[in-house]
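*Asks:* got a sequence here, can you model it:
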Amino acid sequence: MRRYESTTTKSLSGLAKPWYTFAMRILLVTALLIAVLPAYGSIIVFSGDVDVVSPPPSLLPGALTSDSSIYGFSEQTGVLLETPVNAALTSPGTWICCAGLPGGTVPAGTTVNSYLLYASPVTDEEGLDYRDFQGSITFSPGEKIVGVIIGYENLANTDMSLGAPGTTYPPASYKLGGLEQYDAVVISPNAETVYVDFHVAVGGDDMIRILTETPEPADFVLLGSGLVALALGRKRVRGA
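*Replies:* Predicted coordinates for the structure are as follows:
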């Protein structure tokens, strides 16, 4: 007589693992992904002249200067946009000032995180009437860039809703906070990294505001459920 062993018996004898092991691992990974969602809204990699700092008390002229640093900081996380936000850049690509900005809108109802990149030199580079800053920032995996706000007026219009609480920003009348000729902003193809090349004169500053969107917890639940279904299907096929 042929002897049949249950899946559990095989597992205990070291011949096989329970069929549901794979599904349970997927559920565990899904739970871990959901658990780390609060970590979104952060800069995880920065390079070149970029230094990540806490939000400063002031960005008024002369308050935050450096000949070597582009300052980057997180302003707000999880902001639900009540109205659409006009952004200069909303998709991957390269923009070099002062070509026409592609333009675009981040729709109302989008939940975003906001970040600022800011550079203001103390002295010009030797032989030049400006100082060159270059660097990049990369956000949490899955945190996608949905808009980059450029121009002092557009920045001032979003300081109240997207700026860092407790930071004093230049007024809308301040006209030295925009980008100038040859300044460049690049959004990577995967929309997770921004590269900048700022040319800034003494007494002025260059700054941009970056908006990102993070995955919803439901997205991870659907992903995990799909993988568990795949595991169950695999079991059925093997059983057949």
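*Asks:* leaving out the residues flanking it, which one is nearest to Y71?
*Replies:* Excluding its sequence neighbours, the residue lying closest to Y71 (Cβ to Cβ, 6 or more residues apart in numbering) is Y118, at 4.9 Å. C-beta here means a position set from N, CA and C on the backbone, and glycine is covered the same way.
*Asks:* contacts only, for the one you found.
*Replies:* 59, 64, 70-72, 205-207 (Cβ atoms under 8 Å, 6 or more residues apart in numbering).
*Asks:* leaving out sequence neighbours, find the closest residue to S161.
*Replies:* Closest residue in space to S161, ignoring its immediate chain neighbours: V79 at 7.0 Å, by Cβ to Cβ, 6+ apart.
*Asks:* show me what the strand or helix carrying the one you found pairs with in its sheet, parallel or antiparallel.
*Replies:* Element membership for V79, per DSSP states H and E: strand 70-80. Using DSSP bridges, strand 70-80 pairs in its sheet with strand 50-52 (parallel), strand 111-119 (antiparallel).
*Asks:* parallel or antiparallel, which strands does the helix or strand that it is followed by pair with?
*Replies:* Per DSSP H and E, strand 70-80 leads on to strand 85-87 as the next helix or strand towards the C-terminus. Paired strands of strand 85-87, with direction, are strand 104-106 (antiparallel) (DSSP bridges).
*Asks:* ok, and what's touching the partner strand?
*Replies:* Outside strand 104-106, the residues that touch it by Cβ under 8 Å, 6+ apart are 81, 84-91, 112, 146-147, 211.
*Asks:* cool, stretch 50-70 as well?
*Replies:* Under Cβ under 8 Å, 6+ apart, the answer for stretch 50-70 is 43, 46, 48-49, 71-75, 117-123, 131, 133, 135-137, 164, 166-170, 174, 176, 196, 198, 203-205, 207.
*Asks:* same thing with stretch 75-90?
*Replies:* Contacts of stretch 75-90 (Cβ under 8 Å, 6+ apart): 40-41, 55, 95, 101-116, 146-151, 154, 158, 161-165, 167, 185, 187, 209, 211.
*Asks:* just so I have it, where are all the helices in the chain?
*Replies:* According to DSSP state H, the chain carries its helices in the segments 7-12, 21-35, 152-162, 217-239.
*Asks:* residues touching the residue nearest the centre of the chain, list them.
*Replies:* The residue lying closest to the centre of the chain (Cα atoms, centre = their mean) is F139, at 3.9 Å. Counting by Cβ under 8 Å, 6+ apart, F139 touches 42-44, 145, 192-193, 212.
*Asks:* distance of it relative to S173?
*Replies:* 32 Å (Cβ to Cβ, to the nearest Å).
*Asks:* quick revisit: just the contacts of stretch 50-70: which are in strands?
*Replies:* 43, 46, 48, 71-75, 117-119, 131, 133, 135-137, 196, 198, 207 (DSSP state E).
*Asks:* only the buried subset of these, as a PyMOL command please.
*Replies:* To isolate the buried ones among the ones in strands among the contacts of stretch 50-70 in PyMOL, judged by 16 or more other Cβ atoms under 10 Å, type:
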select buried, resi 43+46+71+72+73+74+75+117+118+119+131+133+135+136+137+196+198+207
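*Asks:* which two among the contacts of strand 104-106 are spaced furthest apart?
*Replies:* With distances taken as Cβ to Cβ, the most widely separated pair in the contacts of strand 104-106 is L81 and S91, at 17.6 Å.
*Asks:* can you give me the end-to-end distance of stretch 47-55?
*Replies:* End-to-end span of stretch 47-55 (Cα to Cα, to the nearest Å): 19 Å.
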